[in-house]
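Novice: Could you look at this predicted model? Sequence included:
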Amino acid sequence: MIDLDYLDFLENILTENRKNKFLKVLENRTNHFTIAVEDIFQMHNASAVMRSCEVFGIQELNVIEQRYGKSIDKEIAMGAQKWVDINAFDSVSNCIETLKNKGYQIIATTPHENDCLLDDFDISKPSALFFGTERDGLSDEILQKADGFLKIPMVGFTESLNISVSAAIIIQNLTNRLRNSTIDWHLSEEEILIKRLAWAKNSIKDIKRIEARYYADKVL
């Protein structure tokens, strides 16, 4: 349950421009699609994927790290980590089970005999889009548990793209189609309040001191 008084207290510290920017961005945020990356060896690619999520309005990025366990590259992310929710998982099975329980179908982004071309992908169903390593692609476990397969049409000699490029192309295509559809893809009112609070806290320096002052004054 959101403490609306606390939210109001924090937002009164922010400028009107900042608060209006939050509302404008949240109008275009969605959890209809979510992105998952598996064991990305070059962490700057995972950071670039996160940046694409932020730019195109995907609110959550799921990171599976069974082998490398690296942190997000803040320089590449360019602040996106403040605005995108990062869900970390130590196993594929845990990630897939969590996303399925949230109502997502699991979509593997990889060439496959039963794959679907990007422009033909059905955007009506909430989907978790999985991207694999630069070297090995997605693991067999994900491929076996996937509900569907998606690929970018290519007409050149090269058969693959860097993961960050692939993610940017797919995310831009699907979110653009989503916003031009009649699908109810927006965040709920509760989700918007949660993000307003989180973003306000991320925007205020010395937030711990200010938070302590708020609760101290509330007790008096």
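Specialist: On my side now, so go ahead. Note that this is a predicted model, so its numbers are computed, not measured. Numbering: from 1, shown residues only.
Novice: Okay, now the unreliable bits of the chain?
Specialist: For the chain, the stretches with pLDDT under 70 are 41-43, 66-78, 113, 134-135, 219-220.
Novice: Angles on the backbone of the spatially most central residue of it, please.
Specialist: In the chain, the C-alpha nearest the mean C-alpha coordinate belongs to residue 60, at 2.7 Å (CA atoms, centre = their mean). Taking degrees, to the nearest 10, you get phi -120, psi 140 for the backbone angles of residue 60.
Novice: Spell out, range by range, the helices that occur in the protein.
Specialist: Using DSSP state H, the helices of the chain run over 4-11, 16-26, 43-56, 74-77, 92-101, 140-145, 163-179, 189-203, 207-219.
Novice: Take the longest one, keep the C-alpha atoms, and write them as PDB.
Specialist: The C-alpha atoms that make up helix 163-179 are tabulated as PDB, following Å, rounded to 0.1, in the frame of the first residue of the first chain:
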ATOM      1  CA  ILE A 163      22.100  -8.900 -28.900                       C
ATOM      2  CA  SER A 164      21.800  -5.200 -28.100                       C
ATOM      3  CA  VAL A 165      20.900  -4.400 -31.700                       C
ATOM      4  CA  SER A 166      18.400  -7.300 -31.900                       C
ATOM      5  CA  ALA A 167      16.800  -6.200 -28.700                       C
ATOM      6  CA  ALA A 168      16.500  -2.600 -29.800                       C
ATOM      7  CA  ILE A 169      14.900  -3.600 -33.100                       C
ATOM      8  CA  ILE A 170      12.400  -6.000 -31.500                       C
ATOM      9  CA  ILE A 171      11.500  -3.700 -28.600                       C
ATOM     10  CA  GLN A 172      10.900  -0.700 -30.800                       C
ATOM     11  CA  ASN A 173       8.800  -2.600 -33.300                       C
ATOM     12  CA  LEU A 174       6.600  -4.300 -30.700                       C
ATOM     13  CA  THR A 175       6.100  -1.300 -28.400                       C
ATOM     14  CA  ASN A 176       5.300   1.000 -31.400                       C
ATOM     15  CA  ARG A 177       2.600  -1.500 -32.600                       C
ATOM     16  CA  LEU A 178       1.300  -1.800 -29.100                       C
ATOM     17  CA  ARG A 179       0.800   1.900 -28.700                       C
END
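Novice: Which strands or helices does it pack on?
Specialist: Applying 3 or more CB pairs under 8 Å, 6 or more residues apart in numbering; DSSP states H and E, one finds that helix 163-179 makes contact with strand 33-38, helix 43-56, strand 105-109, strand 127-131. No exception for glycine: its C-beta is placed from N, CA and C like everyone else's.
Novice: contacting residues around residue 21?
Specialist: Going by CB atoms under 8 Å, 6 or more residues apart in numbering, residue 21 touches no other residue.
Novice: try 10 Å
Specialist: Contacts for residue 21 (CB atoms under 10 Å, 6 or more residues apart in numbering) come out as 14-15, 199, 203.
Novice: same check, this time on residue 129
Specialist: Listed by CB under 10 Å, 6+ apart, the contact partners of residue 129 are 33-37, 58, 62, 104-109, 121, 150, 166-167, 170-171, 174.
Novice: ditto for residue 176
Specialist: Under the criterion of CB under 10 Å, 6+ apart, the contact list for residue 176 reads 56-57, 123.
Novice: Show me which of those is closest to residue 23.
Specialist: When these are compared for distance to residue 23 (CB to CB), residue 57 comes out closest, at 13.8 Å.
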